[in-house]
Every structure is written in C-alpha cells, then in structure tokens.
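S.K.: Got a sequence here, can you model it:
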Amino acid sequence: MAGLVYLVAAVVIALSAYYWYTNNQLKSQLKDTSRLDESSSRASTSGITDEKFLDFDDDCKIRRLSSADLDVVQKMVKGKSGCGYFSDHALTPFLNDVDNDRFLGYGVVLNSNDQVVCTQFVQMVDDNQTALIFGAMFDTEYASNSRIMFMRLSNEIQDQLTGKFEHLGKYRCVQVEDVATSASSSYVNNAALDWKVKFNLDAMSSDDVFLVAHGYEDVDGVQVNGDFKECSDAQAAVDVLAKQCQRSDVLLDWRLFQVQFLGQALDEDLKAKKTNILINVKQTAVVFVYAEHHFYVYGATDADVLSGVRFALSQSSGDNLAIYACKTKVEGNTELSEIFAKAVKAPIVGLDYDIHIDGH
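M.R.: Below you'll find the model as predicted:
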C-alpha cells in the first residue's frame, strides 16, 4: 500500500514538472513571435518616410477656405492627389474672403499651423436648389488619413448646406469613366476619395451621358454648316433646349444644370464673356462655346447635332478643340459615330442625388 502511495506521488510530481516546462516554453515562443511581428511591422513601414499620421479630433478642424489658402490648394491641384478641373478653371471664386453663397470652398486644416490637407468645393446653381461637387483632393503626406478626413469633411459640408439652403434638393457632378477598366478619372474630383459614396451620387439617365471629341483628323471631309448665328439672348437658347431639344438637363463647362433654371447662369456667363451662344436658323440646334475652343452642341435630332458639330469643326481645329455631345444622339448617326469614335472609350457620366426622393 505504501508503495502505491509513493508511485502516485511520483507521477504527480512528474506531471507538474512537465506542465511547468511546457508552459514556460510556450511563453518564450509567444514572446519571440511578438518581437518578430514588431520587427516585421517596423520593416514594412520603414519605407514610408514621408507619410504622416493624424488623430482627427486632436489634430484637425474644418473651415471655409479663403484667398490665403490659394498657394497650398494650387500645389495640391498639381499633385497626384489633385484634380484636373482646377488646372484650367479658376480657384479664386471659391476662395472668397467674404461670405459667399454661390462658390463655396471647404477644407480640413491642421490645428498646429492651419495648413489645408483635404478639400471639397461646391457651386450652388439652379436657384440654389442644386449643389455641384468639385475638387475633392488631399495632401499626399496624409494619404493614410484621407478616408477619415474626407468622410468628416463631406458630412460637415452636407450638414452646413442643409442648414444654409432651404430649397436644396440635389447634389450633382460628372465623372469621366474608362470603359475598358471601369476606372474613373481624377479630372473633377480625385478618384482616390470615395466622394460618390459620401454624396450618395448615382448615374443619371442615358440622356445625361456625354462624349467629347478632341479634334478630328478628317476635317477636310466634313461638310461645313454655316447656319449658326451668334445670339446674346439667353432665354432664346433655353427655349431651344427645352422646347425643341426636349432637354431637362444640360452639361456646360463641366457643370450640370437643370434647363428650367439655366437662364440666370447663361446671363452671368454672357456678361462675364465666358461663353458665346449660337443658334441655327431653324432654331432646332444650339451651340455654347467656352474657352474659345470648347463647343457644347445640342439639337432636336441627331441631324441637328451633326450640323452643330460640323459648325464647330469649321470654327476651330487642333489639340485645343473639344466638342461635347449627348451619347444617345451620337450613336444614332453614322457620321457622328465616326467623329466621336475615340470618345466612346471615355464617356462623361452625369451623377445625381435627389434629396427629396430619399425622403430627407
């Protein structure tokens, strides 16, 4: 009996020693693994020497942008996290030092030095019922923070606009899409930011998809149309668009307007000498010219659009020429399809969010 007791005691002691040993070995392995993970983490980030990290609530704030921010924002425009729109459109209307209800610039800035690190610009059109979205950009030094910065910025903008404009009903924008890859360009807003999601933007109808032809090699083979005459009456152009072309929306200078409110915007562009308006003799087609070489063509039929395109080709040529037309009209005409053959690879798609439909 005593021998059995000694045997049991020996087994217990042996098991205790075994468990003590394996437990310590496990702790040692976990410690070594932790060190390896830490070293690996350091190694993986050691190459990112220029990137900086922020705690948004402690390090940042959101404010309206002013003329003092021009140099910083221009630098952002030219970088890979910028957008092409403000390389050929003025920033200054959006960087106004007085309260401005038409052109609004917002930015995330650092508390430490007031430097702008993320932007979004808004133009109010359609009698303040539509907010057009431009210039979603960020500072590449804070790329790792870009998503949270833009989320906070877009939320704040929507809150402010809702409180500021009683009749705000739409957010709108356009984007250039690469048909082959389904990728979006960074011309209007930088593609790295999820601005479409944050502003709930969806594609509009096929009538709001546009093509832009940059020049045309066989100009000599295009029949010239001289039926277009310059017009300084904005309402006459609106009547052609609404009554003859049956347009509800139009793209002009990369801005989407509701035709019913277009008159005021056209009057302003005419007075500022930003555009010329030409209407054909039958009053079934209208051409808007921006920056001398950009022609926006609308017509009641594809034949009317073709006449406007022919007129544009007779007025300008070379790399600066850009002719914009509705994709559905182009697809219905053989000659237009030939002129816009390259353009179909990168359509300009109208995007829209109707606040009222969403019940807000």
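
S.K.: number of nearby residues for the residue nearest to Asn128 when sequence neighbours are not counted?
M.R.: Of all residues beyond its chain neighbours, the one nearest Asn128 is Phe165 (5.0 Å), with distances taken as C-beta to C-beta, 6 or more residues apart in numbering. Heads up, the C-betas are built off the backbone N, CA and C, glycines and all. Per other C-beta atoms under 10 Å, the neighbour tally for Phe165 reads 16.

S.K.: which ones are touching Phe165?
M.R.: Asp101, Met124, Asn128, Gln129, Ala131 (C-beta atoms under 8 Å, 6 or more residues apart in numbering).

S.K.: which two from the residues you listed end up farthest apart in space?
M.R.: Asp101 and Gln129 (12.9 Å; C-beta to C-beta).

S.K.: How about the backbone phi and psi for Lys78?
M.R.: For Lys78, the backbone dihedrals (degrees, to the nearest 10) come out as phi -80, psi -10.

S.K.: in the stretch 251-360 of the chain, what spans have low per-residue confidence?
M.R.: 357-360 (pLDDT under 70).

S.K.: residue boundaries of the strands in it?
M.R.: 255-258, 275-280, 285-290, 294-299, 322-326, 348-354 (DSSP state E, counting those that start in this stretch).

S.K.: for those strands, which one sits closest to Gly135?
M.R.: Short answer: strand 255-258, nearest of these by C-beta to C-beta, at 12.9 Å.

S.K.: That closest one: partners in the sheet, and parallel or antiparallel?
M.R.: Partners of strand 255-258 in the sheet, by DSSP bridges, are strand 249-252 (antiparallel).

S.K.: and Lys243, how many residues sit next to it?
M.R.: Neighbour tally, Lys243, other C-beta under 10 Å: 12.

S.K.: Doesn't it lie inside a helix?
M.R.: Yes. When DSSP: H, G, I helix; E, B strand; the rest coil is applied, Lys243 is found to be in a helix.

S.K.: Of all residues in the protein, which one is nearest the centre?
M.R.: By C-alpha atoms, centre = their mean, the chain has its centre lying nearest to Asn189, at 2.7 Å.

S.K.: mind checking the SS state of it?
M.R.: Going by three-state DSSP: Asn189 is coil.

S.K.: excluding its backbone neighbours, what's nearest it?
M.R.: If the residues on either side of it in the chain are set aside, Asn189 comes closest to Ala136, at 3.8 Å by C-beta to C-beta, 6+ apart.

S.K.: Parallel or antiparallel, list what pairs with the helix or strand hosting that neighbour.
M.R.: Here Ala136, judged by DSSP states H and E, is contained in strand 130-138. Counting by DSSP bridges, the strands paired with strand 130-138 are strand 116-125 (antiparallel), strand 170-176 (parallel).

S.K.: Excluding sequence neighbours, find me the nearest residue to Ser146.
M.R.: Nearest non-adjacent residue to Ser146 (C-beta to C-beta, 6+ apart): Phe138, at 4.4 Å.

S.K.: per-residue pLDDT, that neighbour?
M.R.: In the prediction, the pLDDT value recorded for Phe138 is 97.

S.K.: Quick check: bridge partners of it?
M.R.: Cys118.

S.K.: Now for it: which residues touch it?
M.R.: Met76, Ser81, Val117, Cys118, Thr119, Ser146, Met149, Phe150, Asn190, Ala192, Leu193.

S.K.: any idea how far the closest residue to the third one other than its chain neighbours is from Asn145?
M.R.: So the one you mean is Val117. Residue nearest to Val117 in three dimensions, not counting chain neighbours: Asp139, with 4.2 Å by C-beta to C-beta, 6+ apart. Distance, Asp139 to Asn145, using C-beta to C-beta, to the nearest Å: 9 Å.

S.K.: Which residues are in contact with each of those two?
M.R.: Val117.

S.K.: which residues touch the next helix or strand after the strand holding Ala136?
M.R.: If you walk from strand 130-138 toward the C-terminus, the next helix or strand you reach (DSSP H and E) is helix 146-164. For helix 146-164, contacts defined as C-beta under 8 Å, 6+ apart pick out 54, 56, 60, 62, 81, 101, 104, 106-108, 117-120, 122, 131, 136, 138, 142, 168, 192-195, 198-199, 360.
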